Structures are given as structure tokens and as C-alpha cells.
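>>> sequence and predicted structure, then a few things I'm wondering about:
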Amino acid sequence: MTNPVAIIVGHGTREAQGIAEFNAFANAVVRHVERSWHGPQITFDRAFLELASPSIQEAVARCKEVKASHVVLVPLMLLSAQHMKVDIPAILADARNTLPYARLSLLQAINVDSDFVQVGFMRLIGAGFSPDQPKTAVVLVGRGSRDEAAIANFGRIASALGQQVRQTIVEPGFLTGIGPSLESALSTCVAAGAQHIFAVPYLWFYGYLVKNLPKRIAQWQTTCPDLRVNIASHLGLDQRLVQNVSSRLQIKLQGLLLASNI
């Protein structure tokens with residue numbers, strides 16, 4: 001019997017707003033897949049890597065209860081770094097001992113994707129940005145990582161956003177990890193002559209980092225009191241992103257089901 005299960009995985013947060021946003025996005029993905037999927041019925045579940053429940057391990061345990069034939073973890077994560085390369089694969093390896101009869105698979109992180117860049121651009125426009133504004137710069141704000149490949153991919157995302165904003169400078173700035181910090185990116189924009197900066201948090205859901213961003217910018221801005229800084233909304237729920245994740249999941253499941261039938 002074919003009984004696929006898709007576990008939508010969030011990073012997790014202690015912020016109720018962030019949990020609500022994740023759940024709303026997961027619900028939207030489920031609705032989209034149920035409208036467009038033509039294979040065997042998919043059982044959906046959701047889990048968090050840390051800071052919230054249920055855990056991935058708990059969701060995997062429920063797969064045993066429903067006798068899942070295929071299990072796909074769908075992490076809603078923007079970049080492949082420690083969590084995607086080490087933490088979740090380790091959980092998946094343990095899950096194979098729990099579900100030896102099931103085919104387990106991990107959907108990859110988003111990394112560089114035009115849909116996500118476009119939504120970032122729309123958040124920038126929503127904050128009042130116009131490509132024709134003089135002496136304006138953009139800081140693309142990332143969570144940060146110690147993974148050099150993830151840092152490089154974020155730079156590519158900043159470059160892709162730069163193609164959308166014409167001659168406006170776009171600087172990547174990170175809230176944690178290695179790479180240029182948020183504050184150094186803001187200072188680079190000022191050194192380039194910017195008098196108005198738009199900060200775009202390239203973060204998926206609300207959490208501590210989104211919550212603390214205005215405070216960090218305000219602390220830095222004491223050195224440049226005449227500078228204007230607008231903070232755009234984080235990525236959040238957008239139908240393009242829902243469709244993107246839904247399509248990735250369906251393509252993955254189609255491949256798994258086809259392989260199991262060969």
C-alpha cells in the first residue's frame with residue numbers, strides 16, 4: 001500500500017506570531033497540493049527543528065502509526081547550512097531505524113531562487129522604495145551562518161536583487177555568523193553616499209531576529225542621526241512561495257513513487 005507522508009518543517013521560535021505564520025504557510029501548502037496532486041493521497045504533518053513542538057522526531061514517530069510508505073521532510077529554510085547539512089540529516093538517519101520499511105527523503109533548502117528574490121523585491125517596494133530615488137541604498141539582511149557556501153549563496157541572492165533595483169547599491173548584511181554584519185553593511189552604504197537606506201529582512205517567518213532588527217538598526221543609527229532607514233517586511237506568506245514549495249514537494253514525491261515502482 002502506498003501511503004506517502006510529507007512533514008513540513010520549520011526552524012522554530014518562541015514567538016507566537018512566528019508559529020502562527022509558519023502554520024498559516026503550511027496550511028496554504030497543504031491546500032495547494034491537495035488541489036493539484038494527482039497521485040495517492042498524501043498525509044501531511046508539521047514539526048520544528050528546535051524551540052517549538054512538535055519535534056521532527058515526534059512527527060516521524062507518527063509516520064509509524066500510519067504505516068507510511070514514503071516520508072518526505074519539507075524544511076522551510078532559505079539556505080543550506082548547519083541545519084540542512086548536519087542536524088536534519090542526523091535526525092533522518094535515526095528515523096531510518098524507526099521506519100526501516102519506509103523510503104525517507106529530505107527536500108533541499110531554497111538557496112538561490114527567483115521566486116524568493118521577487119518576493120524580497122516586492123517587500124522592498126512595499127516599504128516605499130523606488131529605483132529612481134537618488135542617494136538610496138538597500139541592505140539585504142540575512143540570518144547569518146558559519147557555512148561559507150551559504151554565505152556565498154546569500155551574496156548571489158543580493159546580486160539578483162540588485163538586478164531588480166537598477167543602479168541602487170545592494171549590500172548583504174548578517175545578524176549572526178561570519179560575513180559582513182548588518183552594521184558594517186549599513187556603514188558601507190553610507191560610505192558610498194547613501195542618505196536613505198532600505199533594510200530588507202530576507203527571513204521567512206517572524207522570530208527573535210525580525211523582532212530585534214529595529215533595535216539593532218536604531219542603535220547603529222545613533223552614529224548617523226540624519227540618515228533615513230526604512231525596514232521592509234520579512235518574506236512571510238506569499239502565494240508565489242506557497243506554489244514554489246508545493247511544486248518542489250510534488251516533484252520530489254513523483255520521483256520517489258516512480259523509483260519505487262521500477
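Yep, it's here. Numbering: from 1, shown residues only.
>>> what about the residue nearest the centre of the chain, distance to residue 36?
Centroid check for the chain by CA atoms, centre = their mean gives residue 78 as the closest residue, at 3.3 Å. Distance, residue 78 to residue 36, by CB to CB, to the nearest Å: 24 Å. The C-beta positions use only the backbone N, C-alpha and C, and glycine is treated the same way.
>>> let me see the domain layout of the chain.
The record's domain parsing of the chain by automatic domain parsing lists 4-110+237-261, 114-231.
>>> how about CSV for the ones you listed, with mean pLDDT added?
Output for those, formatted as CSV (pLDDT from 0 to 100):
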stretch, mean pLDDT
domain 4-110+237-261, 94
domain 114-231, 95
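>>> and the helix or strand containing residue 92, what does it pack onto?
Here residue 92 sits within helix 88-98, counting by DSSP states H and E. Packing contacts for helix 88-98, counted by 3 or more CB pairs under 8 Å, 6 or more residues apart in numbering; DSSP states H and E, involve helix 56-65, strand 70-75, strand 103-106.
>>> pull out the buried positions in that helix.
88, 91-92, 95 (16 or more other CB atoms under 10 Å).
>>> again with stretch 141-149
Residues of stretch 141-149 classed as buried: 141-145, 147 (neighbour count, 16+ other CB under 10 Å).
>>> one more: stretch 213-222?
In terms of neighbour count (16+ other CB under 10 Å), stretch 213-222 has its buried residues at 213, 216-217, 220-221.
>>> likewise for stretch 21-39?
21-22, 25-26, 28-30, 32-33, 37.
>>> roughly how far is it from the heart of the chain?
Offset of stretch 21-39 from its chain centre (CA atoms, centre = their mean, to the nearest Å): 17 Å.
>>> restricting to C-alpha, output that stretch in PDB.
The C-alpha trace of stretch 21-39 is given here as PDB (Å, rounded to 0.1, in the frame of the first residue of the first chain):
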ATOM      1  CA  GLU A  21       2.900  32.400  10.300                       C
ATOM      2  CA  PHE A  22       4.600  29.000   9.900                       C
ATOM      3  CA  ASN A  23       1.300  27.300  10.400                       C
ATOM      4  CA  ALA A  24      -0.500  29.600   8.000                       C
ATOM      5  CA  PHE A  25       2.100  28.900   5.400                       C
ATOM      6  CA  ALA A  26       2.000  25.100   6.000                       C
ATOM      7  CA  ASN A  27      -1.800  25.200   5.700                       C
ATOM      8  CA  ALA A  28      -1.500  27.000   2.400                       C
ATOM      9  CA  VAL A  29       0.900  24.500   1.000                       C
ATOM     10  CA  VAL A  30      -1.400  21.600   2.000                       C
ATOM     11  CA  ARG A  31      -4.400  23.300   0.300                       C
ATOM     12  CA  HIS A  32      -2.300  23.900  -2.900                       C
ATOM     13  CA  VAL A  33      -1.000  20.400  -3.100                       C
ATOM     14  CA  GLU A  34      -4.500  18.900  -2.400                       C
ATOM     15  CA  ARG A  35      -5.800  20.900  -5.400                       C
ATOM     16  CA  SER A  36      -3.000  19.900  -7.800                       C
ATOM     17  CA  TRP A  37      -1.700  16.500  -6.800                       C
ATOM     18  CA  HIS A  38      -2.900  13.500  -8.800                       C
ATOM     19  CA  GLY A  39      -1.100  10.700  -7.100                       C
END
